[in-house]
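Visitor: no sequence for this one, just the structure:
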């Protein structure tokens, strides 16, 4: 078993500037005797435009890693740099500002129930400064067309299928024009066919935008879409490989 | 670009509006609660003001700009006398156009039917003197030139006897006050107030014969009419400097407010009805808080998602604040409409001078706004629980 930093050294030369640089990242939950370590010295680096999948059994710290990179949690120990900005010791306002350049896709799509598909996507576009309402709405429509929902603009999430909702969520995440996309098991609630379609779409759009992707997944059918697959166990990155066809048996499904 | 246009094109998805309107049942409950609170406040404050207004119906009859009274006078039921020559002295001011001395006291009226006595407010003045707003009443006062004649308030309480109905039937209505015989020469309409259950108008001569102990040259009320365009406050100030301290100069409003203040401070009416309005306010607060709190709680994961997307906490607080503001406006409008309808119903049923007063409309709107914004502020505390890290 090798440490994460050795892993990073073995990677092919990055094609662009690093989007994420993590060094010696550790994280704990709880206080006192209940304190439990979830991340133990993670080292990881992702270049802009790279699609990286993160797998591993549940409870191994994947989601925690994602929330730390996504500037949703305060870094406790180690370093996390996103687009060169150090997150350790960052203020609430700095993290909030940084989150604007990170798109997030959740396991539960987390769409706003009272907004139509178009309005949900526009909630993302509304974060862009200096655009008129009409321009932002047109962008929202454009993104919905890009995910194949051009004819479902005015439907409420309630009236959309699971796959459609997840595609709206992808459109919403991309509408903020993120430089980095974080996704937490975006296919978990979908059947295998729809799941793969959604990830293919996400992959294509991210590549088009030159946007880095860090995706937590258990789904073996989508591993071939990744530039790199990282495997985590007990709070450590234990294995990494270029996305060559991997035997599904190698991937424990948690 | 036109700044209004810039604001319009810079607008975002109206999240507060959509949160409210896409949950019509919850919105209806909230608006019903706010409207109910608003109607309650309109009713309670309306009754309160109407009762105070009823205490000055007599005061409002007078066509006057300034009023002279004795400093010992505290209300319409305890009018003290002052020298009549002070009123004549006021004539020396170039802005004063005319004066009218008025006698004012409570007398015991004998019910012509049952012979029981009851206290009635009597005003004595020179018949034909234009001291009333209503020219018909001034004209009618010429009937009082004959001694022993009175005008009787047809809206006086029934305990004074069926004076008005007898008079209309053409009967000669006579009664007795202080051992003197009085005949009703006509009717007028003012209505009872806090101080008096009924009203009586008569000439100064008759008045003085009923109250023979009145010091000569003493009156209770001096009305001063100013030339058109004169500033009542400026003249009042001049008169206060010029006249001795045995009289007080009031403007017309000051005269009315003095009487209202007396009843405000000496009765529990203000307290009772203000308390009623306060209860409406509290009920409204509870309802709005419940609605907004559960609204925020239900949407907590969505708010957390917005924070994860990069929305500031302050812009989410703004959404809740806008919800509160929209609820206030949407809830106030039906309350205002219902208030108008109920006021006209009450006015026709009780003869109370109740009507939609702009000041009260503003007060009630302010209360509803405070209610909704306060509840929104409390509900916002729930937003602090929206942790974007928990939604992954």
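Guide: Yep, that arrived. Note that this is a predicted model, so its numbers are computed, not measured. Residues are numbered from 1 along each chain as shown, chains lettered A, B, ... in the order given.
Visitor: going forward, measure contacts between C-alpha atoms and count neighbours the same way
Guide: Noted.
Visitor: Need phi/psi at residue A:212.
Guide: With angles defined as degrees, to the nearest 10, residue A:212 sits at phi -70, psi 150.
Visitor: pLDDT score assigned to it?
Guide: Looking at residue A:212, its pLDDT is 87.
Visitor: what are the bridge partners for it, then?
Guide: residue A:180 (DSSP bridges).
Visitor: if I read this right, it contacts residue A:47, doesn't it?
Guide: Yes: Residue A:212 lies in contact with residue A:47 (Cα atoms under 8 Å); the separation is 6.9 Å.
Visitor: residues shared between the contacts of these two?
Guide: Taking Cα atoms under 8 Å, 6 or more residues apart in numbering or on different chains as the criterion, residue A:212 and residue A:47 both touch residue A:19.
Visitor: So residue B:86 sits against residue B:242, correct?
Guide: No: taking contacts as Cα under 8 Å, residue B:86 lies outside contact range of residue B:242: 10.1 Å.
Visitor: ok, these two, which is more surrounded?
Guide: Using other Cα atoms under 10 Å in any protein chain shown, the more surrounded residue of residue B:86 and residue B:242 is residue B:86, with 19 against 12.
Visitor: which residues touch residue B:204?
Guide: Here residue B:204 is in contact with B:102-103, B:124-126 (Cα under 8 Å, 6+ apart).
Visitor: now the helices: where do they sit in chain A?
Guide: Assigned by DSSP state H, chain A shows helices spanning A:4-10, A:62-69, A:92-99, A:117-125, A:133-146, A:162-175, A:192-209.
Visitor: Next, format these as a markdown table and append mean pLDDT, mean neighbour count and distance to residue B:11.
Guide: A markdown table is the format used below for the helices of chain A (pLDDT from 0 to 100; neighbours: other Cα atoms under 10 Å in any protein chain shown; distance: least, Cα to Cα, whole Å):
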| stretch | mean pLDDT | mean neighbour count | distance to residue B:11 |
| --- | --- | --- | --- |
| helix A:4-10 | 41 | 15 | 45 |
| helix A:62-69 | 90 | 22 | 30 |
| helix A:92-99 | 88 | 17 | 20 |
| helix A:117-125 | 92 | 27 | 11 |
| helix A:133-146 | 90 | 20 | 6 |
| helix A:162-175 | 89 | 26 | 17 |
| helix A:192-209 | 83 | 17 | 27 |
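Visitor: Of all the residues in the stretch 151-254 of chain A, which one is nearest chain B?
Guide: Per Cα to the nearest Cα, residue A:184 is where the stretch 151-254 of chain A lies closest to chain B, at 6.6 Å.
Visitor: State the number of residues packed around that residue.
Guide: For residue A:184, the neighbour count with other Cα under 10 Å is 22.
Visitor: Domains in chain A, by residue range?
Guide: Split into domains by automatic domain parsing, chain A comes to A:1-101+A:178-241, A:108-175.
Visitor: Any stretches of the stretch 151-300 of chain B with poor pLDDT?
Guide: Scanning the stretch 151-300 of chain B for pLDDT under 70 picks out nothing.
Visitor: ok, 90 please
Guide: Residues of the stretch 151-300 of chain B meeting the criterion pLDDT under 90: B:155-159, B:176-180, B:190-197, B:211-217, B:260-274, B:295, B:298-300.
Visitor: Show me where it has its helices.
Guide: Ranges of helices in the stretch 151-300 of chain B, per DSSP state H, counting those that start in this stretch, are B:163-168, B:204-210, B:232-242, B:252-266, B:269-298, B:300-309.
Visitor: which stretches of the stretch 51-200 of chain B form strands?
Guide: B:66-69, B:82-83, B:96-110, B:117-125, B:149-153, B:174-177, B:180-188, B:199-203 (DSSP state E, counting those that start in this stretch).
Visitor: who's in contact with residue B:278?
Guide: Residue B:278 makes contact with residue B:41 under the criterion Cα under 8 Å, 6+ apart.
Visitor: For the residue nearest the centre of chain A, give me the pLDDT.
Guide: Central residue of chain A (Cα atoms, centre = their mean): residue A:182, 1.3 Å from the mean position. As predicted, residue A:182 sits at a pLDDT of 91.
Visitor: Next one: it from residue B:315, what distance?
Guide: Between residue A:182 and residue B:315 the distance is 23 Å, computed by Cα to Cα, to the nearest Å.
Visitor: One more: residue B:55?
Guide: As for residue B:55, its distance to residue B:315 is 51 Å (criterion: Cα to Cα).
Visitor: ok so, going back, the residue of the stretch 151-254 of chain A closest to chain B bridge partners, please.
Guide: Here residue A:184, judged by DSSP bridges, has bridge partners residue A:216.
Visitor: thought it was touching residue A:105?
Guide: Yes: using Cα under 8 Å, residue A:184 is in contact with residue A:105, at 6.4 Å.
Visitor: how's chain B carved up into domains?
Guide: With domains defined by automatic domain parsing, chain B comprises B:13-54+B:268-391, B:71-246.
Visitor: Just the terminal-to-terminal distance for the longest one.
Guide: Spelled out, it's domain B:71-246. End-to-end distance of domain B:71-246 (Cα to Cα): 6 Å.
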